[in-house]
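Novice: what would the 3D arrangement of this be:
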Amino acid sequence: MSEVAEALRQGLGYYAVAVALELTGAGVPAALHDLHHVGAREPYAVVSVGYRVGRPGTPDGPCGLGWDCVSGWYFFTGDPSRPREELMAGARWLSDGQAPPPARVRLFVAAVLLDPASAGSAERPYYAVPGGGPDLAGRFAPYSSSTVAEPWQQRFANLQQGLLQKRALEYLRDDDEVVLLPLRAGELRAVVELLDLHDLTGRHLYPVGRLSGHLARDIEARMANGPSLEPSAGVMYAELLRQENDAVVAEIEAERLRMRRDFGPPA
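Specialist: Next comes the predicted model:
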């Protein structure tokens with residue numbers, strides 16, 4: 001891959017991350033599903049978008065955003081792993097240039113989820129030749145500035161986890177109503193086990209993994225004690241995470257002091 005092609009691929013990665021995070025921050029689950037630039041093939045990106053079953057206007061099945069260097073963003077329905085040409089069939093196009101601001105893409109998605117048949121345009125626009133043109137990588141520069149040290153994949157994971165943790169703690173506040181939701185025992189066990197799995201796989205990487213563990217323990221306690229046990233206050237979850245983070249910092253500092261004592265100060 002040439003230096004120009006690699007710069008374009010990296011720039012597109014950071015730009016797609018900014019779009020996915022814009023959607024996540026607005027409460028629309030999103031993940032960067034795919035990013036390609038193989039040899040001379042033109043680059044493209046696919047962002048999977050979550051939807052809520054039964055919500056008016058939402059597509060009946062998987063959906064997402066695609067980005068094409070010739071025509072910009074489009075909204076598709078169906079399996080995002082399909083070939084790009086198939087995703088474009090029946091797509092709704094944003095029609096706002098190759099690299100519109102992430103907030104503009106968010107508004108486009110909101111319009112599609114409200115009325116998929118009329119949002120955007122059914123006609124594919126053409127802004128550039130295949131390959132995107134010589135200045136496209138430069139237009140991605142604001143999203144991959146020199147202050148961003150980590151790869152775009154890690155940047156997305158870190159920032160998305162932070163957004164999800166913040167929103168989860170808001171959901172777990174103690175001043176909202178108690179909802180009586182009929183569940184089969186197996187459904188409830190599945191929820192708890194999935195929370196446990198997220199705790200196991202994410203505990204040492206992201207606070208949101210530990211938050212899943214605390215929520216699982218809380219649900220299990222209520223399962224064992226019945227309706228007499230009051231739901232926990234959201235401030236408790238925040239305090240637990242603060243205590244755990246303080247403990248981790250203390251452990252790292254203690255290890256640093258041990259290394260300094262045993263091996264002397266760093267060269």
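
Novice: all helices for the stretch 151-267 of the chain, in order.
Specialist: 152-171, 185-202, 207-225, 234-263 (DSSP state H, counting those that start in this stretch).

Novice: hey, which of those is tucked in deepest?
Specialist: Of all these, helix 207-225 carries the top mean neighbour count, a mean of 17, counting by mean count of other CB atoms under 10 Å. The way it works is simple: take the backbone N, C-alpha and C, and place the C-beta from them, glycine included.

Novice: returning to what we had before: which among the helices of the stretch 151-267 of the chain is found nearest to Glu85?
Specialist: Set against Glu85 and scored by CB to CB, the helices of the stretch 151-267 of the chain come closest in helix 152-171, at 25.2 Å.

Novice: convert the C-alpha atoms of that closest one to PDB, please.
Specialist: Taking only C-alpha atoms (Å, rounded to 0.1, in the frame of the first residue of the first chain), the coordinates of helix 152-171 have been written out as PDB:
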ATOM      1  CA  TRP A 152      -8.200   4.600  15.600                       C
ATOM      2  CA  GLN A 153      -9.400   1.100  16.700                       C
ATOM      3  CA  GLN A 154      -8.200   1.700  20.200                       C
ATOM      4  CA  ARG A 155      -9.500   5.300  20.200                       C
ATOM      5  CA  PHE A 156     -13.000   4.100  19.300                       C
ATOM      6  CA  ALA A 157     -13.000   1.400  22.000                       C
ATOM      7  CA  ASN A 158     -11.800   3.700  24.800                       C
ATOM      8  CA  LEU A 159     -14.100   6.600  24.000                       C
ATOM      9  CA  GLN A 160     -17.100   4.400  23.300                       C
ATOM     10  CA  GLN A 161     -16.700   2.600  26.700                       C
ATOM     11  CA  GLY A 162     -16.500   6.000  28.400                       C
ATOM     12  CA  LEU A 163     -19.700   7.200  26.800                       C
ATOM     13  CA  LEU A 164     -21.500   3.900  27.600                       C
ATOM     14  CA  GLN A 165     -20.300   4.000  31.200                       C
ATOM     15  CA  LYS A 166     -21.500   7.600  31.700                       C
ATOM     16  CA  ARG A 167     -24.900   6.800  30.200                       C
ATOM     17  CA  ALA A 168     -25.300   3.600  32.200                       C
ATOM     18  CA  LEU A 169     -24.600   5.400  35.500                       C
ATOM     19  CA  GLU A 170     -27.300   7.900  34.500                       C
ATOM     20  CA  TYR A 171     -29.700   5.000  34.000                       C
END
